[in-house]
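>>> Predicted structure and sequence below. I'll ask about it afterward.
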Amino acid sequence: MEQQYARAGRAPGAEQGVCARQALADYQQVLTRDADNSDAVLSRVEALVALQRHKEVRQASQALPAAQAGDSVNLGRRVALAWQAVGDASQAAALFAGLKQRAASLPPSKDKALVFRNAARLERAQQQPEVALADYRQAMAASGIGDGENVSRLTRNNAQDDWLKSSIRSDTADLYRQQDTTLMLEQDYSRNKGTGGVSDFTAHTTHAAGGDAAGRRARLLAARSCAGLGRHLRDQQRQLR
């Protein structure tokens, strides 16, 4: 992918920006024909997020009718992600708390799995690993991976996985390894209390445990952005025909 961008004379970030600007214009055009299209409204917000136009994202999110976010757990999840993208983690967390309550009573589905997966990602970023692990277990069950009881086994790669199952396994495995590493370091620290260098090593290892996963997700999102926005637009256009 990066070689392809290099041949075109553009960096991956520049390519993503071109896609997002085109998508933004297209979604605005859809909304001139159907102003109440909830998916197009949120897709426009997501294009603004991709362009890092955070002030406009905040304004657009504040202007969303409450009923729109409540239309489905997936629409609500996308609203929560928009708030998270502009740095309002508390608002995002409050929305996810309500979404998790609603999703808990739903049968297993992709939308239910996404709610718990994205809630877990936010909880991990807020240093709530136990809560995040519980939500990853819920995501596993909702996506059909398993009941979430044997995390070590259920996080193993499976060649038959779709993108959602793969992301849930990867996220959960990263958190699980980080928790194991943190526990071992805490035990080592308790045995060697007062020994220099342990705190620095703990900080370095904790950062490394999460950093690789975040980098992989960022690269995947950049690679998929154009295709995903294009599919959204085609779906909107089909609905208006």
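Yes, it's here. Numbering: from 1, shown residues only.

>>> Where do the strands of this protein begin and end?
Remark: no strands are assigned in the chain by DSSP state E.

>>> Check what pLDDT A223 gets.
With respect to pLDDT, A223 scores 43.

>>> any idea how far the residue nearest to N157 when sequence neighbours are not counted is from Q59?
In this structure, N157 finds its nearest non-sequential neighbour in R169, 6.8 Å apart by CB to CB, 6 or more residues apart in numbering. (Each C-beta comes from the backbone N, C-alpha and C, glycine too.) Distance of R169 to Q59, computed by CB to CB, to the nearest Å: 37 Å.

>>> Which of the two has more residues huddled nearby?
R169 (22 against 13; other CB atoms under 10 Å).

>>> Per-residue pLDDT of that one, please?
92.

>>> now do the one 4 residues further on
A173 carries a pLDDT score of 91 in this model.

>>> Same question for G146.
The model's pLDDT for G146 equals 86.

>>> which residues does the residue nearest to it when sequence neighbours are not counted contact?
Excluding its sequence neighbours, the residue lying closest to G146 (CB to CB, 6+ apart) is L154, at 4.6 Å. Contacts for L154 (CB atoms under 8 Å, 6 or more residues apart in numbering) come out as 140, 145-146, 148, 169, 172.

>>> And L154, how close does it get to L114?
18 Å.

>>> Q62 too?
23 Å.

>>> cool, V30 as well?
Distance from V30 to L114, by CB to CB: 23 Å.

>>> thinking again about what came up before, looking at the contacts of L154, which are in helices?
140, 169, 172 (DSSP state H).

>>> Same list, those residues, but as a markdown table with distance to A93 please.
Below are these laid out as a markdown table (distance: CB to CB, whole Å):
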| residue | distance to A93 |
| --- | --- |
| M140 | 21 |
| R169 | 24 |
| T172 | 20 |
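
>>> quick one: which of the residues you listed is nearest to P129?
T172 (11.2 Å; CB to CB).

>>> got a list of what the closest residue to S72 other than its chain neighbours touches?
Leaving aside its chain neighbours, S72 sits nearest to D111 (6.8 Å; criterion: CB to CB, 6+ apart). By CB under 8 Å, 6+ apart, the residues touching D111 are 72-74, 77, 103.

>>> Quick one, which of those residues has the minimum pLDDT?
Scoring the contacts of D111 by pLDDT puts S72 last, at 87.

>>> From R21, how far out is it?
Taking CB to CB, one finds S72 at 28 Å from R21.

>>> separation between the nearest residue to G87 once chain neighbours are set aside and Q178?
Nearest non-adjacent residue to G87, counting by CB to CB, 6+ apart: H54, 7.4 Å away. H54 sits 29 Å away from Q178, going by CB to CB.

>>> more crowded one of these two?
Q178 (19 against 15).

>>> Okay, now the unreliable bits of this protein?
1-16, 65-70, 148, 180-241 (pLDDT under 70).

>>> mind listing the helices for it?
Going by DSSP H, the chain shows helices at 2-8, 12-33, 38-50, 54-62, 66-69, 73-85, 89-104, 110-125, 129-143, 151-154, 163-191, 198-240.
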